[in-house]
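Enquirer: when you get a sec, could you give me coordinates for this:
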Amino acid sequence: MADEYENEYTSKTVARRLATIKSFFKYLVKVELIEDNVSIHIHSPKVPKKLPNFIDKNLIDVLMSSPPLGTLIGVRDRAVLELFYSTGVRLSELVNINIGDFHIDKKLVRVIGKGNKERIIPYGKTAESAIENYLKMRNLSFKPVFARSPLFVNSSEKRISKRTIQRRMNNYIKLVADGKSVGPHLLRHTFATHLLDNGADIRAVKDLLGHSSLSSTQIYTHVSIDKLKKDYTQAHPHG
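Expert: Numbers count the residues shown, from 1 in each chain. Next up is the predicted model:
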């Protein structure tokens, strides 16, 4: 295992491989091929938390205007982008949303997150408009008769797959996030970062993201250098 460090493997890679080794030793003990699990004496390296990337506020409008609105797919993709940014939902949560999950009078949407936990998230006027335009092009609406229909579908009118959303969002996000780790999760990071930058309570952001622990949300308080400098200048006597 020491060779792993010498070859400059990341702590995350070493920890993952070590976990595999420990699982194997547990299995050997279980089937009585060995008596003692010596792997319990090996400690995993501490894996540093990586600060999430996010999209600059000034580039959000550029991103949202990327899909061509002359086609149904383009209108759909615009609605997907807007809903991702407006709610911070996970990819798996977004593809499982049905039309009936929206409470349009209160501008709320119901999603099922990790561990089959339900949460209610507000969404904005821009996302509402984009979704309404998409439904209108499909001759649908928020009427109860369409409640069980999937919100986002493919060309065959079947629920869209995570892979398709991932691929299409990557293409748009690359236009404004050059050099960053692209993908729908970047919009989730951006959602959280922009909320906190504008003064949102971290506990509220935690609930919106569906985090079980506040520590998962706190990482977003460290990502905006501009916000950090602004707070420093305003708060420090010699700032």
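Enquirer: CA only for contacts and neighbour counts going forward, please
Expert: Noted.
Enquirer: now do the end-to-end distance for stretch 24-42.
Expert: 14 Å (C-alpha to C-alpha, to the nearest Å).
Enquirer: please renumber the chain so that the first residue is 141 from this point on.
Expert: Okay, using 141 as the starting number, the last item reads as stretch 164-182.
Enquirer: could I get the buried residue list for that stretch?
Expert: Phe165, Lys166, Asn177 (16 or more other C-alpha atoms under 10 Å).
Enquirer: and stretch 349-357, by the same measure?
Expert: Counting neighbours by 16+ other C-alpha under 10 Å, one finds that the buried residues in stretch 349-357 are Leu349, Gly350, Thr357.
Enquirer: rewinding a little: tell me which of the buried residues of stretch 164-182 is nearest to Ser269?
Expert: Of all the buried residues of stretch 164-182, Lys166 has the smallest distance to Ser269: 54.3 Å, by C-alpha to C-alpha.
Enquirer: and the contacts of stretch 202-213?
Expert: For stretch 202-213, contacts defined as C-alpha atoms under 8 Å, 6 or more residues apart in numbering pick out Gly214, Val215, Asp217, Arg218, Leu221, Glu222, Tyr274, Met277, Tyr312, Ile313, Leu315, Val316.
Enquirer: the same query, at a cut-off of 7 Å, please.
Expert: Contacts with stretch 202-213, where a contact means C-alpha atoms under 7 Å, 6 or more residues apart in numbering, come from Gly214, Val215, Asp217, Arg218, Leu221, Glu222, Met277, Tyr312, Ile313, Val316.
Enquirer: so which of the buried residues of stretch 164-182 sit within strands?
Expert: Judged by DSSP state E, strands contain none of the buried residues of stretch 164-182.
Enquirer: what mean pLDDT does stretch 203-214 have?
Expert: On average, the pLDDT along stretch 203-214 is 96.
Enquirer: measure it end to end?
Expert: End-to-end span of stretch 203-214 (C-alpha to C-alpha): 13 Å.
Enquirer: list the buried residues in that stretch.
Expert: Buried-residue list, stretch 203-214, by 16+ other C-alpha under 10 Å: Leu203, Met204, Ser206, Pro207, Leu212, Ile213, Gly214.
Enquirer: so how far is it off the chain centroid?
Expert: Put simply, stretch 203-214 sits 21 Å off its chain's centre (C-alpha atoms, centre = their mean, to the nearest Å).
Enquirer: what does stretch 299-313 give?
Expert: Computed by C-alpha atoms, centre = their mean, the separation of stretch 299-313 from the middle of its chain amounts to 13 Å.
Enquirer: which single one of the buried residues of stretch 164-182 is nearest to Ser289?
Expert: Nearest to Ser289 among those, counting by C-alpha to C-alpha, is Lys166 at 45.9 Å.
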